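**Student:** Coordinates for the following, if possible.
(2 chains)
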Amino acid sequence: EVQLVESGGGLVQPGRSMKLSCAASGFTFSNYGMAWVRQAPTKGLEWVATISYDGSSTYYRDSVKGRFTISRDNAKSTLYLQMNSLRSEDTATYYCTRDFGDGGYDYWGQGVMVTVSS
Amino acid sequence: DIVLTQSPVLAVSLGQRATISCRASQSVSISSINLMHWYQQKPGQQPKLLIYRASNLASGIPARFSGSGSGTDFTLTIDPVQADDIAAYYCQQSRESPNTFGAGTKLELK
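**Tutor:** Next comes the predicted model:
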């Protein structure tokens, strides 16, 4: 059974940093691209970043470029999102997702809440 | 960015057909491949993939769900609607970066 379990969320002050992790199991992690998708409270879904299966390529939405870094450790089957210089507009539930190859997402974690507030 | 437009709310009766539309600001098709996907999200839960590449049923999804469309106009159909289908439905395109989602359609009971 495919499982994606996020951790690392919580309350953080504006301008500070936070790192999210996503532990994957039930599939060969190193064969798949992975992505983070977020959802602000009562809002819709927004793609944040994608990393290729081997970590050699990364892609970001404009609003997080230069502030967020997506990475992965295939030996540990773990995906990460390092978030720096956090802003109030980054407040959202962050979902770890598996990219099934066409840029769609066939498995989602349960999500982790990040609240940026003073 | 490609903008996907969905109606905010659709009210249906149990046992009837629900047709949820998604219109893209530009084509999301490459040759015969339609890079449009559909998700269901129930309150307090993560989204679930229903349909990929416009018309392919994801694993474990009941056959009452179907998808169609090409170019800029796509449709998710639920027939017949069951009580468990009351949720928000999102379309998503992967034709062009950044991948974008529609704002979602809330399916409500009439």
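**Student:** Closest to the centroid, which residue in chain B?
**Tutor:** Nearest to the mean C-alpha position of chain B, counting by C-alpha atoms, centre = their mean, stands B:Trp38 at 3.7 Å.
**Student:** okay, now the closest residue in space to A:Val64 that isn't next to it in sequence: neighbour count?
**Tutor:** Closest residue to A:Val64 apart from its sequence neighbours, by C-beta to C-beta, 6 or more residues apart in numbering or on different chains: A:Val48 at 6.0 Å. All C-beta spots, glycine's among them, are computed from the backbone N, C-alpha and C. By the criterion of other C-beta atoms under 10 Å in any protein chain shown, A:Val48 has 24 neighbours.
**Student:** what residues are up against A:Gly109?
**Tutor:** Contacts for A:Gly109 (C-beta atoms under 8 Å, 6 or more residues apart in numbering or on different chains) come out as A:Leu4, A:Val5, A:Glu6, A:Cys22, A:Tyr95, A:Cys96, A:Thr97, B:Gln46.
**Student:** which one of those sits closest to B:Pro8?
**Tutor:** The shortest approach to B:Pro8 among the contacts of A:Gly109 belongs to B:Gln46, at 21.1 Å (C-beta to C-beta).
**Student:** give me every residue that touches the closest one.
**Tutor:** Contact analysis of B:Gln46 by C-beta under 8 Å, 6+ apart lists A:Tyr95, A:Trp108, A:Gly109, A:Gln110, A:Gly111.
**Student:** Please convert the buried members of those into PyMOL selection syntax.
**Tutor:** In PyMOL, a selection of the buried entries from those looks like this (16 or more other C-beta atoms under 10 Å in any protein chain shown):
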select buried, chain A and resi 95+108+109+111
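**Student:** hmm, who's touching the helix or strand containing A:Gln82?
**Tutor:** According to DSSP states H and E, A:Gln82 maps onto strand A:78-83. By C-beta under 8 Å, 6+ apart, the residues outside strand A:78-83 that reach it are A:17-24, A:29, A:34, A:36, A:48-49, A:51, A:64, A:67-73, A:90, A:94, A:96, A:114.
**Student:** can you rerun that using 7 Å?
**Tutor:** Strand A:78-83 is contacted by residues A:17-24, A:34, A:36, A:49, A:67-72, A:90, A:94, A:96 when judged by C-beta atoms under 7 Å, 6 or more residues apart in numbering or on different chains.
**Student:** Give me the buried entries from these.
**Tutor:** Buried, going by 16+ other C-beta under 10 Å: A:18, A:20-24, A:34, A:36, A:49, A:68-70, A:72, A:90, A:94, A:96, out of those.
**Student:** that older thread, output whatever helix or strand comes next after the strand holding A:Gln82 as CSV, restricted to C-alpha atoms.
**Tutor:** With elements assigned by DSSP H and E, the helix or strand that comes after strand A:78-83 is strand A:92-99. Taking C-alpha atoms only, strand A:92-99 is exported to CSV below (Å, rounded to 0.1, in the frame of the first residue of the first chain):
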residue,chain,number,x,y,z
ALA,A,92,-1.5,26.5,4.1
THR,A,93,-1.8,22.7,4.4
TYR,A,94,1.1,21.2,2.5
TYR,A,95,0.6,17.9,0.7
CYS,A,96,3.3,15.5,-0.4
THR,A,97,2.3,13.9,-3.7
ARG,A,98,3.5,11.4,-6.2
ASP,A,99,3.7,12.4,-9.8
